[in-house]
Each structure stands twice: as structure tokens, then as C-alpha cells.
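J.: Task: produce atomic coordinates for the following.
(2 chains)
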There are 2 protein chains.
Amino acid sequence: TGAPRSERRDFSSFVARTNTCGELRSAHVGQKVTLYGWIQYQRQGLFLVLRDFQGLTQIIIPQDEARSHVKELLSSAPVESVVRVTGVVSLRPPGQENPKMPTGDIEVKVETAEVLNSCKKLPFEIKDFIKKSEALRMQYRYLDLRSFQLQYNLRLRSQIVMRMREYLCNLHGFVDVETPTLFKRTPGGAKEFLVPSREAGKFYSLPQSPQQFKQLLMVGGLDRYFQVARCYRDEGSRPDRQPEFTQIDIEMSFVDQNGIQRLIEGLLQYSWPEDRSPVTTPFPSMTYEEALADYGTDKPDTRFGMKIVDISDFSQRLGIHFVQNALSYPHGTVKAICIPQGMVSDIFTYSVRFMPDGSLKSLLTKFLGQEQQSELIQELKMQVDDVVLLAAGEHKRVCSALGSLRLESADLLEAAGLVLRDPAVFHFLWVVDFPLFLPKEDNPTELESAHHPFTAPHPSDTSLLYSDPTKVRSQHYDLVLNGSEVGGGSIRIHNAELQRFVLEKVLKEDSEVLSHLLDALEFGAPPHGGIALGLDRLISLIVGAQSIRDVIAFPKSFRGRDLMGNAPDYVTAEELEPYHIQVSWPVAEAEAKKN
Amino acid sequence: TGAPRSERRDFSSFVARTNTCGELRSAHVGQKVTLYGWIQYQRQGLFLVLRDFQGLTQIIIPQDEARSHVKELLSSAPVESVVRVTGVVSLRPPGQENPKMPTGDIEVKVETAEVLNSCKKLPFEIKDFIKKSEALRMQYRYLDLRSFQLQYNLRLRSQIVMRMREYLCNLHGFVDVETPTLFKRTPGGAKEFLVPSREAGKFYSLPQSPQQFKQLLMVGGLDRYFQVARCYRDEGSRPDRQPEFTQIDIEMSFVDQNGIQRLIEGLLQYSWPEDRSPVTTPFPSMTYEEALADYGTDKPDTRFGMKIVDISDFSQRLGIHFVQNALSYPHGTVKAICIPQGMVSDIFTYSVRFMPDGSLKSLLTKFLGQEQQSELIQELKMQVDDVVLLAAGEHKRVCSALGSLRLESADLLEAAGLVLRDPAVFHFLWVVDFPLFLPKEDNPTELESAHHPFTAPHPSDTSLLYSDPTKVRSQHYDLVLNGSEVGGGSIRIHNAELQRFVLEKVLKEDSEVLSHLLDALEFGAPPHGGIALGLDRLISLIVGAQSIRDVIAFPKSFRGRDLMGNAPDYVTAEELEPYHIQVSWPVAEAEAKKN
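T.: Numbers count the residues shown, from 1 in each chain, chains lettered A, B, ... in the order given. Next up is the predicted model:
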């Protein structure tokens, strides 16, 4: 249902080239063309391959005396020098066509040429950049960007975002509103970067999302907001996180959970790249409880089975003491996953292998009679050579453990050659009905928001808020793609009294810092809800990149450093003065400085 | 030549309303509709006016007993409460149509209604927000956003940017690339905000523009880059500047000055709003020298005349001592502007008024004979009651002074009722051939870049770079709209040796901090150039806003404060700890804290 892709792009407007290096075909034969590009390869002064962002063209270097200077220029220019060539498109001699190259039928016979800029010795070859250390590639990011893969990733990203904008803005009346990134610290915003101001002691904060602003836009009657929003999160060193990242940020008035979900399905379908297998809508949906019970995680990878099976009833009947003991505790349970083809048995202790002779091989078999073994085989639908992993204990912990083992097993199976998770297949999934609050990790008698304090309770659970808040489900929804969370959102609280109750009575937070938002809710705030998609993660899954760094032009290293420009860096004391701050050097460093 | 505007927008998709409050016409009569909106006005329980972002609809409150609860709900809800109404579209009774309202032919007879959220007493009325103090409006920005004007400004801004993206991305193959905002301090970047990192003493910096990154993208073969880029500038308090602002940031490879100019003209024409008088292309162009000589500024307002006239020759012949003295200095000159209709004579001392009796009235007339008076009248094409302002001295200072007086005079003439600068008229102008370097203000024997150190010299002046750099013109171009600078850019230096010479020899700067860029230029950097348009300023001129604050959803006050959320704000010492900084309290404040 997507609108036709724009094929009107003119890549040679406003410049002197007639074509890009990916365009010429046999239909162009006889035309005089001017190309600009980088020398990918040059051979013995006879020909060279010119590259730009769109492709490769074979260039024939003139051999006649009259053009000896052209030959001299082109054959002495180092690889990756940037040149202009003007010449005539010709058919390649019979037998020399290259069917693997889109321009493989033709070559350009050069008449004039110019070396626009020469290239010194490269730290690595452009084409095999994948093999080089990432630190080296990050230091020379501008060279790495010339690679086919990064060009493809960044261009596809641009096009997907453009299509998203068309869908939101042109088809559904969303307004692209830019919200501030210099704001103030939100309560509990420990991961927010600070920006010193010129007022002594006062700091701006770089927000983790435009959450407050988008809600205020709804109060302001904007009705439908979106933004491709830069967000900031200071997490120190964490692999595959970036201190700045981008989200597709959306908020709507008068909408419910169903409305947001259908919007996002339409958005992804409309912007989905044509060269990927299409996504079908509506996406399946699963409650948080189901996800946990079946996959042991709130972001299930539904591309493969190996679901968690509850065998508590069966286990109860076994009469094994320590199993029964586990079952006697609150939420006590015994669960299992069944892993096909036995490739993983040796690494797990409490595994059960279904042997070709019909028996089960396990440390546990001594507890199992023949009949019980058959029952277990049937219960778990085991095939010969399958291995079952068992866990007993508290429901949530058992599920989490088996969820992790399920993914580890999948890695092992794939390492052994089985294709479980086809990278060409895209499984979207909604996960809904999350709990609204969770016990704090460091103090389980207190509650914290499972997502954020603006999330509305599930309409059926509103009354529980006042009696047993731990039981309240929320109107939060996560979007999961192939086992990664790519988005999340919620219907928000639009009632000031309810918002104040949640902040003050349930979360015991000081609501003063959010007084502007609480105020705003009292001035006829409409019911509203929204979502944010993690763009970097989404694109990296679409292109099959190893890391989100491969879909960002200038990413930071996992320590938050820019290895090309060397940021962050030292500044002088004078530069700090207008901001009324000074560095508190750690003692060791201060000592070293003294000596 | 613009593509047809998208009229397919569905504002009611994914929500339960059938229409917006601006849509219903007589063609809808008889339809059952559901509207959501804010109560703009309510009269005696009989009817109310419902408002959303698209318009107003008159709602008839039911008076029958069976629906008394609906009447009770709607007539007791305060103004600006947000409601849902469902009812039937009817023609207004004859004579009660309102031709000024697009929905003025119809009304909706309510059947059911719901007050979704009530509104407490407003700090000001939404409709007359213009009259309220800006501080109050900023504090309640979410209410101010409900006004027609701000809705219009933000929606038009979104649409113009969307059209720009279509032009760049879909028509001309530009790639939207997001560049980092956490980078490192650039040399001389005194206006860059700092962001403390978790490494003691090391800071990120929020860049004033993506300049380095966009050039590196060209080195990386991206070929055509654009970004709607968030930029940061810490200028302390300056009226009508914002600490964060947005620019349309563009860079192209293999382009010249002419290419960029035609691109931008096409961009503006394509994205220009239909309800404004159209812009014609190409835009006129003027050299920096011409702009200075004729208008006394590098951003001339060409909507009106009153150009500066050089009367040095005439003045020379007058034989007045102090005039000849002024002329004898290097670049000595006498210039004049002629202001029509004499409305400004009284405020300037050295003015000359052309009296109805044919004579000139001025403190200067005692120096002028009859013949000389006639000559002056002719030279300046004076009409009766015109006033001439004269200045003698050094060329640049004289031009600047008269340029300022020209604008002040225009203000005075307009205050007196003359329309000189029709706000509906848009005069774009290119200003070109700027000097590449200027003497430093604090030390005129040293040079600084007129714009930035990456600007390429004018091809005709390259050799002067080594002999007399002050005479070198640059390949910088400014785009001026109605006397305001709305954009600027240049062809960049792509040769490492030249870039190093400019940095080290001309500007005497430490090139070490830019080593990554200098390195990059040595790896086959293509010739490239670009431009940045100041989006906030451009939109404010298009909509005729007083301030750029009127085209930004959540602007900062002129002191850089967010008056709604109270940012920047104090943070605790513990919050500073991970960043190894502490506040250096000014003494007075420290004292006050002690007591």
C-alpha cells in the first residue's frame, strides 16, 4: 500500500558531471560524459575503475601520443585519488562484458581528465574495511564511509526516515516540532548529561527524551506531533549504546492503545525498504505475562520455537523431594525448554537427552521411572536427540533463566550450522499489559515506575491503584523486532489528580520539579498517548548490522569517545571560568600533576 | 514549478473523531459526527463554540428533558475544557450563517457529550495572548500554543521543512545524515557550551554547526548531504538569539558557487508557502563592496531605495576646509542619503532640507553657493521636502553610519505612516565576494577569518594569499532576505597544503586540534562547498513574526532561561561528582550562603 518510490532523483543537478559512476548502460553508447569519482583500481596505465556512491565505471586510459599527458596523470595518481574524466561511452569489446557490474557492458574512453586531489598512503584498503580493527576504522571514519556497506546503510537510513516523514506529515497530518535539548534535570535523571550555564551553580540537562515536551504539546492543542529527536543518555561505558541517539518520537491526542499500534504498523509498512522481505500487519500481540511465561523475556524472539513449557504438574507427581520443595514456595514452578538435535547437551548439567534407544540420559533419570520418562517425552514433544533443560524455583526467575538459555542454545545451534533465525525474516511483536510499578531493586518495599511516571494505568485496574498498586497493569506497549526492543510507548495520565497521586503517594517523589507538567494537566489537557522508536536499533536490524555504530555516520566508541576528533578533551581553566566550575581532580591524578 | 501540495492528509485517522472542528460544511448536513475540542465560548446553556487546531464549530446544546445531563455537562464546563461531542450536522437557521467562519453555514446538534478534562481558571485568555507580557506567556507556553498564531507558525514551519526535505532528498538525491552534537571544542570556540564527561578534566562541546562533520562526509564520498541540524551557541544574553537553534545544513561535492546558489533558489521556491507572494529566481546578486557602498551593510534591505550616493567629487569642489581634510585621508570620502518627504529632518544635525522655495535649509548652507545648491539637488535627485544626510570620513565607517541612518530613517518614515517595506514582499539577495580575512578587532595587525578558516579563496585571488592576504576575496556567499541574513556558505578549501597555510601562516592558529580534518584532506578529499540556512530566522520572516521565539515551540527567554520548566537549575554536589567538577561560587554568593 506504500506510495510509489520517488525515482525522479537527479544526482547530477547543479554540478558539472553528466552521470554518476553507477548509471551508464549500453543505451548511453556514443554519448560524451563527464564523471567524478575515486580511483578504485588502476592497471598498467591501460584502464582504471572509477567509483562514486552509486557504483563503478571502467575507464579506458588513452594510449595515443596526443593524450600522453592524460595517460601520465591517470596512471600516476594513487588509488583513492579523486578525479574528473570526460570521454565517450563505448561498448566493451565482445567477451569483456562484466555481468556482475551494472555498468559492465560499457566503458568510457577518456579524452580529458583532471586529478582533483591526490590520496596519500591509506591506513587500510577501503574494500576490506570489515577486517580491520574497529578503532582504526573509527579513527579514519571518513575513509570507512567510502565503503559500500556504510554508504548503503546511511543512504537507506535517510530514505526510510524520509518515508516515515511522508507517512506522518503528508498522509496523517502530524506536525514536526523541534523541542529543546537544553532543559533541566528530571527527577531521578541520573543518566542525564549536565551543561553548565553562565549562572553560577545552575545547569541545563540534556534530556533522555522529549517526553515532557511532547505531552505539553498535546496540552497546547498540537494534536499530532512527531520529531526525529536527538536524545542523550550518559551511561558511562556500555557496549552498543551511544551517548547520543535518535528516536522517532510520536504523540497523539484522543488516541487509545489500538490507535497508536495501527499507526506504527502503517508507518513501518509504508517506510519498509523494497529490497527487504515485506512486513505483514497487524503485528501479533502478547501480554507481558505471556511473553515471560513462554519466552522468559519481555522481548521475545519469535522467529523460532523452543518455548518454555510448564511441567509443574508432572513434576509434582514425581515425588522428588527437592522438586516438591521448590514447588511449595509462592510462585514455585518447574519449567523446561526442549532443544532440538542435541547439539548443546554437554554444557548443561541439568539437561535430559532423548536417546535413540528410547531412554532419557540425564543426571535426573535415576529419579524417573519408565512411565515418567515417556510422559516427559510426550509432554515436551521430544524427538530423538533432543535435549531438555529444566529449571525449578520462583516463576519469574525460572522463566528468565530458561529465556536466557533458550537464546544461548540458539547461538550454539546456529554456530553448529542450523539456521534458526533467518536474517531476512522480520518478526514484529507487540508486548502489552506490563506492570505499572515494580519493586525497587535496592529496596523492594518501595515502588518505582516500570517505565515512567506518566504512564496511565490499565482501565480495568484503576481501582487497584489505591488498594494494591503492585497488581496494576499499565497502558504501556513495547514493539519488539526479532527479539530486540525497537520501540515503546503508552497512553499517558491526563488527569492532574491521578498524576499527583502516582508521583506523591505511590512513587513518593517530590512533585515540585514537575509542577509545570502538573499545572498543565489542570488546564484542559486532552487524553493522549504516544510512542518512541529507537531509530539506530531499528535501522541496524533492517540492514543486518552487527552494531548500531554501523548505521551512524560518526559514532562514539563504547567508552563514549570520538576516536577521529579525540573528544571529549581537556579544556583550560579559563574556558571553565564563565561557567563557574572547576575540575575536581582525583587525588592520584592531582598528585601526578604536582610531580 | 513546485509539485502539487499533498491534500491527502487525514487528520482523523487512528482516532474516534469523524472530523476536525474546521471541516464541516453544508455538504455534511445530516451526517452524524464526533468532534473533539476545547470550549472556546459557551452561552447560557444554549450553544458553545468548539475549537481545535483546524478551526471552530458551533455546537447546539440539547434543551430537551431526556438530554438534560448533556446540557448540564456542557453548560457547566469551564472555558478551555476539552470535550467530546457526538451529534448531527444541521444547517444554521436562515440569517444566522456566519460567512467569516469556514464552518459558518452549519452547526452540530449534540446528542451525547463527555467532558474529557476540565480547565481551571486561565492566567490569560487564549485569544488575546498577544497583549500579555511575554514572560507570562512563556511560563504558560502550553496555553499560548493553543493560539491561532502559534498553531499557524509551527504548522507552517513543519510544512516548509517537509517540502525542503522532499526537494533535497526526493528530487536531488541528498542524504539526510545526523552528525554528533557531543564533540570537542573547536579552536576559538568561545561560544560553545561545554558538557562534562566522566573522565576527569575532559569535556565534550556542543558545536555551533556541523561544519567539520559535513566536510568529512564529503571526504567520505557521501556526495550530497543535508541535515536539519540543531546547533548551539552560548552568547550569554542577547536579544532574539537562542542558545539552541536550527539550521538547514547542506554540503555538496564537485560544486561551485553558482551550483549552490541555484540549488538554494530552487529549494526556497519549491518550499515557499502558497499563501505568500511567490519568490522569483534567480535572486539578484551583489558584491560585498557594492553592498557596503550602496547600503552601508553586508545585508542590504533592497525593498526600498534611499541608497548611499558618493558626492566626494562634488564636495571636493566646494572648497570647505573640514570636508577637504576628510577627503585627504586614505579612503576619505563624502557620502549622502536622500530621505523623501522630510519627516526626519529635525533629529539630525547635519541634514539638508530642500525647501519649497528652491533653497536648501541646513547648517551647511552657509558654505554652499546658489549654483552648488542646484548641483547638490541634481546630484541627489532631490524633491521638495526631501532631506539629505551627509557624512564625511573613512569609506567603510561613512558607509556603515549612513547605512544605519538609512534604516533608522525608514523606521521613522514608517512610524509616520509611509509604507516602505511591504511585509508581504520578499526580496532575496546574494551577497558575494566577501574578504577572506579581516583584521582582528582587538589587534588589527593580526588577521582572523571573516567567516571560518575552511573558506576557499576566490580563484582570481589565490596568489594574493601569499603576498597580501588582506586583499584576498573569498568564495563565501550570504543569502539576505529583506535585510536579514538568512544563510551563508562557501566553497571550502579541499587542499591540505592550502588549509595548513591558512591556519598556520595566515591565522597563526595551532592546527593540531584540526589534525583529523587536515589528515582527511590528504586522502583524496573532493572539491566541495555548502551552505546553512537559519531556519528560525527564515520562518519568522515568512510569517512576519516579531521574534524568532514566535516560531519555536519552547523558546528560551533572552537570558537563556526556560520560564515554564525553570531551566537551568541548581543541582546537588553529588550529581556533579561523576563529572569531577565543582561549582566555583562567586565570592558574594559564597558569603551570602555562609550567613
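J.: can you confirm A:L73 is in a helix?
T.: Yes: counting by DSSP: H, G, I helix; E, B strand; the rest coil, A:L73 is found in a helix.
J.: for it, what are its contacts?
T.: A:83, A:113-115 (CB atoms under 8 Å, 6 or more residues apart in numbering or on different chains). Every residue, glycine included, has its C-beta placed from N, CA and C.
J.: if we go to 7 Å?
T.: Listed by CB atoms under 7 Å, 6 or more residues apart in numbering or on different chains, the contact set of A:L73 reads A:113, A:115.
J.: how about stretch A:434-453: buried residues?
T.: Residues of stretch A:434-453 classed as buried by neighbour count (16 or more other CB atoms under 10 Å in any protein chain shown): A:434-437, A:447-453.
J.: Among those residues, which ones are in helices?
T.: Among those, no residue falls in helices (DSSP state H).
J.: from those residues, which ones fall inside strands?
T.: Mapping these onto strands (DSSP state E) picks out A:437, A:447-449.
J.: mind putting those in a markdown table, distance to chain B and pLDDT included?
T.: As requested, those are exported to a markdown table (distance: CB to the nearest CB, whole Å; pLDDT from 0 to 100):
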| residue | distance to chain B | pLDDT |
| --- | --- | --- |
| A:F437 | 24 | 97 |
| A:L447 | 23 | 95 |
| A:E448 | 19 | 94 |
| A:S449 | 20 | 95 |
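J.: out of these, what pair is the most spread apart?
T.: Checked with CB to CB, those reach their widest spread between A:L447 and A:S449, with 8.0 Å between them.
J.: Need the residues that contact stretch A:150-167.
T.: With CB under 7 Å, 6+ apart as the criterion, stretch A:150-167 contacts A:53, A:144, A:228, A:248, A:266-267, A:270-271, A:273, A:539, A:543, A:545, A:550-551, A:553, B:162, B:165, B:169-170, B:175-177, B:221.
J.: Quick one: buried ones out of the residues you listed?
T.: Buried among the contacts of stretch A:150-167 by 16+ other CB under 10 Å: A:53, A:144, A:228, A:248, A:266-267, A:270-271, A:539, A:543, A:545, A:550-551, A:553, B:162, B:165, B:169-170, B:175-177, B:221.
J.: how deep is the closest residue to chain B within the stretch 151-300 of chain A tucked in, by neighbour count?
T.: Of all residues in the stretch 151-300 of chain A, the one sitting closest to chain B is A:G220 (2.9 Å; CB to the nearest CB). A:G220: 29 surrounding residues under other CB atoms under 10 Å in any protein chain shown.
J.: thought it was touching B:Y140?
T.: No: with contact defined as CB atoms under 7 Å, A:G220 does not count as touching B:Y140 (9.7 Å).
J.: Keep only those of the contacts of stretch A:150-167 that are in strands.
T.: Going by DSSP E, the strands hold A:228, A:248, B:175-176 from the contacts of stretch A:150-167.
J.: Parallel or antiparallel, which strands does the host helix or strand of A:R230 pair with?
T.: A:R230 is part of strand A:224-232, with elements assigned from DSSP states H and E. Paired neighbours of strand A:224-232 in the sheet (DSSP bridges): strand A:175-176 (parallel), strand A:244-253 (antiparallel).
J.: List the contacts of the residue in the stretch 351-500 of chain A positioned nearest to chain B.
T.: Going by CB to the nearest CB, chain B is nearest to A:H494 of the stretch 351-500 of chain A, at 5.8 Å. For A:H494, the contact set (CB under 7 Å, 6+ apart) comprises A:521, A:525-528, B:117.
J.: JSON lines please, covering these and showing neighbour count, distance to A:P423 and pLDDT.
T.: Shown next, in JSON lines, are the contacts of A:H494 (neighbours: other CB atoms under 10 Å in any protein chain shown; distance: CB to CB, whole Å; pLDDT from 0 to 100):
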{"residue": "A:L521", "neighbour count": "23", "distance to A:P423": "45", "pLDDT": "98"}
{"residue": "A:A525", "neighbour count": "28", "distance to A:P423": "44", "pLDDT": "98"}
{"residue": "A:P526", "neighbour count": "23", "distance to A:P423": "42", "pLDDT": "98"}
{"residue": "A:P527", "neighbour count": "22", "distance to A:P423": "40", "pLDDT": "98"}
{"residue": "A:H528", "neighbour count": "24", "distance to A:P423": "37", "pLDDT": "98"}
{"residue": "B:N117", "neighbour count": "21", "distance to A:P423": "47", "pLDDT": "98"}
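J.: what about the closest residue to A:P239 other than its chain neighbours, how many neighbours?
T.: Of all residues not flanking A:P239 in the chain, A:F558 sits nearest, at 5.1 Å (CB to CB, 6 or more residues apart in numbering or on different chains). As a burial measure, A:F558 scores 16 neighbours (other CB under 10 Å).
J.: pLDDT wise, what is A:F558 at?
T.: Looking at A:F558, its pLDDT is 83.
J.: Give me the phi and psi angles of A:H321.
T.: Here is the backbone geometry of A:H321 (degrees, to the nearest 10): phi -60, psi -50.
J.: A:Q212 too?
T.: Dihedral angles (degrees, to the nearest 10) for A:Q212: phi -60, psi -40.
J.: what does the one 10 residues further on give?
T.: For A:L222, the backbone dihedrals (degrees, to the nearest 10) come out as phi -70, psi -20.
J.: Now for it, how many residues are close by?
T.: A:L222 is flanked by 27 other residues according to other CB under 10 Å.
J.: and if you look at A:D64?
T.: For A:D64, using other CB under 10 Å, the count is 8.
J.: measure it to A:V70 for me?
T.: Distance of A:D64 to A:V70, given as CB to CB, to the nearest Å: 9 Å.
J.: anything in contact with each of those two?
T.: With CB under 7 Å, 6+ apart as the test, A:D64 and A:V70 reach no residue in common.
J.: which residues does the closest residue to chain B within the stretch 51-200 of chain A contact?
T.: For the stretch 51-200 of chain A, the residue closest to chain B is A:L145, as judged by CB to the nearest CB, at 2.9 Å. By CB under 7 Å, 6+ apart, the residues touching A:L145 are A:553, B:217, B:220-222.
J.: Please apply the same query to A:V480.
T.: A:299-300, A:429, A:431, A:486.
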